[in-house]
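>>> build me a model:
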Amino acid sequence: MQHALRAGLLATLLSTGLAAQAAPKELTYTVTIDPAKSTDEFQVTLQLPQKLKKDQTIYQFASTAPGTYQVMDMGRFVRNFQAFDAKGKPLESKQLSTNQWQLAQPDKTREIRYTIAETWDTPVKEHRIYRMCGSSLEADHALLNGQTILGYPQGMQSAPLRLKINYPSGWQAGSALTPDAQGYYHANNYDHAVDSPILLGRLTQATTKLGDAEVALYCYSKTDQIKAEPLLGAMQKMLGAAQSFLVQLPVKRYAFLYHFEDQSQGAWEHSYSSEYTLKEQPLTPEYAQSITDMAAHEFFHIVTPLNIHSEIIEQFNFVQPTGSQHLWLYEGTTEWAAHMMQLRGGLISLDDYLRTLQEKVAYDHLRADTTYSLKKLGLNSFSDEGQQQYGNIYQRGAMTAALLDLRLLELSGGKRGLREVLLELAKQYGPSKPVSEQNFFDDFTKLTYPEIRDFFRRYVENAEPLPLQEYYSKVGVQYAPVYRTGRKLGSLGLNGYAPKNGGLAFAQVSATLQACGVAPGDQFVAYNGAPLTLETFRQTIMAMQSGKPGEEVELTISREGKEKKVRCRTVERDETKRFYFAVDPQATPQQLALRQAWLKNL
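Presented below is the predicted three-dimensional model:
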């Protein structure tokens, strides 16, 4: 999957909207985090400005967080939870459930202390937390996501808080938040704190301006292979394309937080920042482009769900989260926009864009359940069942948004597409005014055309096959589920593979290879003398399927620890392409006119 495990949407805790509901300023509580005492745990101290009420007996840790769509149960990581009165005398407390501690005397409680383990290196039996959504503490850096460190007393989710992190003097901090003169970060509420991850340590930093908005990039690279300045430079054209797509950025400051080390797990977006845990390797043009693609998606979340979201997202329930049926909007539409703004900005060619569509349709048909509707996926996104289909929100979800764009362009005569409607919705609603979870389809239809309600009913609420051929023909683009090119290629037949001894073995063997002496269980060592590895597997299989008919090739296999070479002759096959998109060279003037509108920001 191109974007690894992108933890989708909403760590948008819409802090701007929630600020209006915050408790009075005098109720601000203070949290101090000390990551310097241990390389495995954070020491947390919460100081209350006044006594809790008698009904505020519960201290709550997050069961999950917006946009992660995974069970977190942060209480699993808590160690040594304690409560104290104003004189520092210990008060009784006990754990009620995985994520809840009961305070025996809330009216006397003035301080709460606990230790909480980092999530990256702490073993758990199930529901391991994605790296980009977790916490890490090492000798030269740390990553803090609010929900992995902080809890809140019952009834104080909306109370403002200030946060102090005691980190080594040589470290630098990167966040969308900016500290005051005393080094305190201020959050409007618990949601805002969760929405504002902080990367600390031996970082490099770079900044740029997009109109009136400042964009900052903070980078940790384990062996300094990647620096902030060249990385931001590689992203500059994408950011420019995003500005053109959005007209005016709806934020004043945005922060990219990059962590490069030993593995890639993906990215997590927030209202005013996004964070990435990626494998450290040289910043080649190809790697820079893959990072840019990912960043384009996360950056577009400043529109949805920051400015377009339902009340379920705005009032997130950290105890028992509820899925939103409009996940297609938050993630699918964002994924569509990430590629479309690069196409319209000249960063990618139309052929490249069509190949991306091909990959998304292939995922939908070959790796997902095409009968599982986008609405159902959104509502079940926090369940194990929904998680099995979750990756398709970036595939079928994006394709549905792409078709919605085409339908809007058709109905408006090329004057108004999905981009234009999204910008209208962002102005109408914004960070502090949610759309209706139940009525949004109807409200969207009233803003556009009556036919759009049927579109939502068929392709979002239900799971009818997407009309790819019909809709793309409107802009002179051909689509075929199976396309025969007319070319003849050499093939060794269809074979199946399975991991073995750090490499791959034949799980199923075609008749062609059986005739050459290959058997199931044989390890595939080399093809025409080139060693086969997990990294070269795809390239090798492509070579095996695209040679000349009748060509003799050599395979090296290993059986019972002994290597041997076998020679086989390829058989002829017709070249076919699955889920094929291509520009129609015979497009009509009407199709060309709509294509022109499709390829630009109106």
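>>> and the lengthiest helix in the chain, which residues are buried?
Determined from DSSP state H, the single longest helix within the chain is helix 228-246. The neighbour-count check on helix 228-246 (16 or more other Cβ atoms under 10 Å) flags 228, 231-232, 234-235, 238-243, 245-246 as buried. Glycine gets a C-beta too; all of them are placed from N, C-alpha and C.
>>> what is it packed up against?
For helix 228-246, the elements it packs on are strand 204-210, strand 213-221, strand 253-261, helix 285-300, helix 333-344, judged by 3 or more Cβ pairs under 8 Å, 6 or more residues apart in numbering; DSSP states H and E.
>>> hmm, 10 Å instead?
Under the contact criterion of 3 or more Cβ pairs under 10 Å, 6 or more residues apart in numbering; DSSP states H and E, helix 228-246 touches strand 204-210, strand 213-221, strand 253-261, helix 285-300, helix 333-344, helix 418-428.
>>> out of these, flag the one nearest R396.
helix 333-344 (10.3 Å; Cβ to Cβ).
>>> what is that closest one packed up against?
strand 7-11, helix 228-246, helix 285-300, helix 350-366, helix 396-411, helix 418-428, helix 589-598.
>>> most packed of these?
strand 7-11 (a mean of 30; mean count of other Cβ atoms under 10 Å).
>>> show me the contacts for Q205.
Applying Cβ atoms under 10 Å, 6 or more residues apart in numbering, we find Q205 in contact with Q172, A173, G174, A216, L217, Y218, C219, K227, A228, E229, L232, A255.
>>> mind doing that once more with 7 Å?
By Cβ atoms under 7 Å, 6 or more residues apart in numbering, Q205 lies in contact with Q172, G174, A216, L217, Y218, A228.
>>> between the residues you listed, which is nearest Q596?
Closest to Q596, out of all of these and judged by Cβ to Cβ, is L217, at 35.0 Å.
>>> from what I see, that closest one and L232 are in contact.
Yes - counting by Cβ atoms under 7 Å, L217 touches L232, with 4.5 Å between them.
>>> identify the contacts common to those two.
Counting by Cβ under 7 Å, 6+ apart, the residues touching both L217 and L232 are A206.
>>> how close does the closest residue in space to P549 that isn't next to it in sequence sit to I393?
Of all residues not flanking P549 in the chain, E572 sits nearest, at 3.9 Å (Cβ to Cβ, 6 or more residues apart in numbering). Distance of E572 to I393, computed by Cβ to Cβ, to the nearest Å: 41 Å.
>>> the two: who's more crowded?
I393 (27 against 11; other Cβ atoms under 10 Å).
>>> what's near enough to touch the more buried one?
G8, L327, W328, E331, G332, L377.
>>> domain assignment for the protein?
According to automatic domain parsing, the chain comprises the domains 311-469+591-598, 485-578.
>>> what's the most buried one of the ones you listed?
Of all these, as judged by average neighbours under mean count of other Cβ under 10 Å, the leader is domain 311-469+591-598 with a mean of 19.
>>> measure that one end to end?
Counting by Cα to Cα, to the nearest Å, the length from the leading to the trailing residue of domain 311-469+591-598 is 32 Å.
>>> ditto for stretch 131-143
9 Å.
>>> how far does it sit from its chain's centre?
Distance of stretch 131-143 from its chain centroid, counting by Cα atoms, centre = their mean, to the nearest Å, is 18 Å.
>>> of the domains of the chain, which approaches Q50 most closely?
The nearest among those, by Cβ to Cβ, is domain 311-469+591-598 at 23.2 Å.
>>> before we move on, back to that, contact partners of the helix or strand the residue nearest to P549 falls within?
For E572, the host element (DSSP states H and E) is strand 571-583. Strand 571-583 has contacts (Cβ under 7 Å, 6+ apart) with 350, 354, 357-358, 361-362, 365, 472, 476-485, 487-491, 512, 549.
>>> pLDDT score for F299?
pLDDT for F299: 89.
>>> hmm, I was thinking of Q320
82.
>>> helix/strand/coil for it?
coil (DSSP: H, G, I helix; E, B strand; the rest coil).
>>> and the longest strand along the chain, how far out from the chain's middle?
Identified as the longest strand of the chain according to DSSP state E is strand 477-491. From the chain centre to the centre of strand 477-491 is a distance of 33 Å (Cα atoms, centre = their mean).
>>> cool, stretch 340-353 as well?
Relative to the chain's own centre, stretch 340-353 is displaced by 21 Å; criterion: Cα atoms, centre = their mean.
>>> kindly report the same for stretch 169-187.
26 Å.
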